[in-house]
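Asks: make a model of this:
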Amino acid sequence: MSSDPTLRRRLIARFPMVFALGEAVGLGLQAIRAYKMRAFLTILGVVMGIMTVTGMSAIVAGLNASMAKQIEGFGSGVIFIRPWGPGENVSADERRRRKGLSDAEVHAVTEHCVTCQGIAPMEILNFDVIKYGNYKLQAANLLGTTPEFATVHDVFVEKGRFLSPSDLSRGARVVVIGYDVAEALFPYVDPLDKEVLIDGLRFKVIGVVEKKGRFLGLNRDNDMLLPLGSTGKRDKNFNFLVADVKAVSASQMDNAIEEVREILRRQRKLKFLAKDTFRLFTQDTLTDLYKQFTGGIYVVMIAISSIGLLVGGVGVMNIMLVSVTERTREIGVRKALGATRRDIRWQFLTEAMTLTGAGGVLGILIGGLVAWLIDTFSPFPAVVQTTWVVIAFLTSVVVGLTFGLWPAAKAARLDPIEALRYE
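Replies: I've put the predicted structure just below:
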């Protein structure tokens, strides 16, 4: 179709801007091919800036996706009751004023919270030696808790059973272990009904929890869950009860929070204007804190990429000014043949945008490769997002448009007669 001269002339007459754009892009690509090293050095800043945007946005997106998955695996609709909240700066006096939960407070929430499905009190335990036979465990998350822990955190047992009310009432020396604990202490045998030594105390393994993954850097497969009060020994740094509460549904989260707050304030006999001596927060609080952290990464990413794009833009402006000087006679010929100032300006702007657009594509490819390498060979996840790829490419084109304005205007203002005389 394009080989028919008559048809081509008709198409050019009907869509002049499209063909002018195609011609200008072609000239820009031809200039890149003709001066490969010069073009590469010119757009190097653009490449670095776009690579930073693509790579870092992929890492942040991967971290956000990983965080969302961890929160989903932790159990939905969970309310955390703690003496202080995450990221809260508490003074020494205020820290002494804050209190953990008492058994009476846990019982009150259990009895009176209508919108609560369950409450799992927990005591953090600290032991030095955990072993079975010749196998020792260097670190584990030891928690004293109740059977409601399984309901609150959507825990499913892969082998055996979970803690029962009778285990709790008689202070049985039993333990439910995580997947990684089972792998470390019982690599070749079935852990059920085996006894592990925890600081010389014997606990019988009654269950193995299915693989849960990590939550905020904490390995949940490294958990060891004991009946609450079965050891009489808590971590001296956390010598109090905490609890996690599950609402009956996601829509009742706000009501459940208010109910729990009111119950605890009544139990502690706090006056109307007195501040809470505890903190209630949800997974959304943790997510918001995480987004603030990743938001800081985005600011750093934009700052670094802006420097690269500024350097690249200045380089493009410089090379386009050189190009205007080198092609002065060509500009004069085009004007003599009827090209308007608008045509010349559009030609040089398109060439500048083609140059930076090519740098943007190269930067996206390198950034995508870096993201793939990080995702494959490091513990950090990375997911290349289409939205940021589009933003990165459009940004590179806008850089060419912005820094190409002066050279394009200079080319458009050339006098055709003087340009034809230029040697």
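
Asks: does Phe281 touch Pro83 like I think?
Replies: No - counting by Cβ atoms under 8 Å, Phe281 stays clear of Pro83, with 11.8 Å between them. For every residue, glycine as well, the C-beta is placed using N, CA and C.

Asks: do you know the pLDDT at Arg319?
Replies: Check again: residue 319 is Ile, not Arg. Turning to Ile319, the model gives it a pLDDT of 83.

Asks: next, it: phi, psi?
Replies: Per-residue torsions, Ile319: phi -70, psi -30 (degrees, to the nearest 10).

Asks: identify the residues contacting it.
Replies: Arg38, Ala39, Thr42, Leu355 (Cβ atoms under 8 Å, 6 or more residues apart in numbering).

Asks: filter those residues down to just the ones in helices.
Replies: Among the contacts of Ile319, the members found in helices (DSSP state H) are Arg38, Ala39, Thr42, Leu355.

Asks: max pairwise distance over the residues you listed: which two?
Replies: Greatest spacing in the ones in helices among the contacts of Ile319, by Cβ to Cβ: Arg38 and Leu355 (10.4 Å).

Asks: between these two, who's got more neighbours?
Replies: Shown here are Arg38 and Leu355; by other Cβ atoms under 10 Å, Leu355 has more neighbours (29 against 14).

Asks: so how far is Ala411 from that one?
Replies: 15 Å (Cβ to Cβ, to the nearest Å).

Asks: over to Lys275?
Replies: In terms of Cβ to Cβ, Lys275 sits 69 Å off from Ala411.

Asks: name the residue in those two with the higher neighbour count.
Replies: When Lys275 and Ala411 are compared for neighbours, Ala411 comes out ahead with 28 against 9, by other Cβ under 10 Å.

Asks: for the more buried one, give me its contacts.
Replies: Going by Cβ under 8 Å, 6+ apart, Ala411 touches Val324, Arg327, Ile331, Ile344, Arg345, Gln347, Phe348.

Asks: spit out the contact partners of the first one.
Replies: If a contact means Cβ under 8 Å, 6+ apart, then Val324 has Ile331, Phe348, Pro407, Lys410, Ala411, Leu414 as its contacts.

Asks: which residues touch the helix or strand Thr110 falls within?
Replies: Using DSSP states H and E, Thr110 sits within helix 103-112. The set of residues external to helix 103-112 that reach it, using Cβ under 8 Å, 6+ apart, is 116, 119, 121, 241, 243, 245, 259-260, 263-264, 266-268.

Asks: now the buried members of these.
Replies: By neighbour count, with 16 or more other Cβ atoms under 10 Å, these hold Cys116, Ile119, Pro121, Leu241, Ala243, Val245, Glu259, Val260, Ile263, Leu264, Gln267 as buried.

Asks: SS state for the fifth one?
Replies: So that's Ala243. strand (DSSP: H, G, I helix; E, B strand; the rest coil).

Asks: quick one: pLDDT of it?
Replies: 90.

Asks: equivalent analysis for the last one, please.
Replies: As predicted, Gln267 sits at a pLDDT of 92.

Asks: can you show me the helices along the stretch 1-150 of the chain?
Replies: 5-14, 16-34, 36-74, 92-97, 103-112, 148-152 (DSSP state H, counting those that start in this stretch).

Asks: what's the least confident stretch among these?
Replies: helix 5-14 (a mean of 57).

Asks: thinking again about what came up before, and the contacts of Ala411, which is closest to Gly360?
Replies: Gly360 lies nearest to Phe348 out of the contacts of Ala411, by Cβ to Cβ, at 18.5 Å.

Asks: Three-state assignment for Lys204, please.
Replies: strand.

Asks: quick check: phi and psi on Val175?
Replies: Dihedral angles (degrees, to the nearest 10) for Val175: phi -150, psi 140.

Asks: just the pLDDT for it.
Replies: The model's pLDDT for Val175 equals 93.

Asks: give me the distance between Ala108 and Glu148.
Replies: For Ala108, the distance to Glu148 - Cβ to Cβ - is 15 Å.

Asks: more crowded one of these two?
Replies: Glu148 (22 against 18).

Asks: confirm for me that that one is in contact with Asp154.
Replies: No - if you go by Cβ under 8 Å, Glu148 and Asp154 don't touch, sitting 11.9 Å apart.

Asks: chain center to stretch 310-321, what's the gap?
Replies: 34 Å (Cα atoms, centre = their mean, to the nearest Å).

Asks: buried ones in that stretch, by neighbour count?
Replies: Gly312, Gly313, Gly315, Val316, Met317, Ile319, Met320, Leu321.

Asks: show me the contacts for the most centrally placed residue in the chain.
Replies: In the chain, the centroid-proximal residue (Cα atoms, centre = their mean) is Asn64; its distance is 2.6 Å. By Cβ under 8 Å, 6+ apart, the contact set of Asn64 is Tyr290, Lys291, Thr294.

Asks: most neighbours among those residues, which one is it?
Replies: Most surrounded of the contacts of Asn64: other Cβ under 10 Å gives Tyr290, at 18 neighbours.

Asks: thanks a lot, see you next time.
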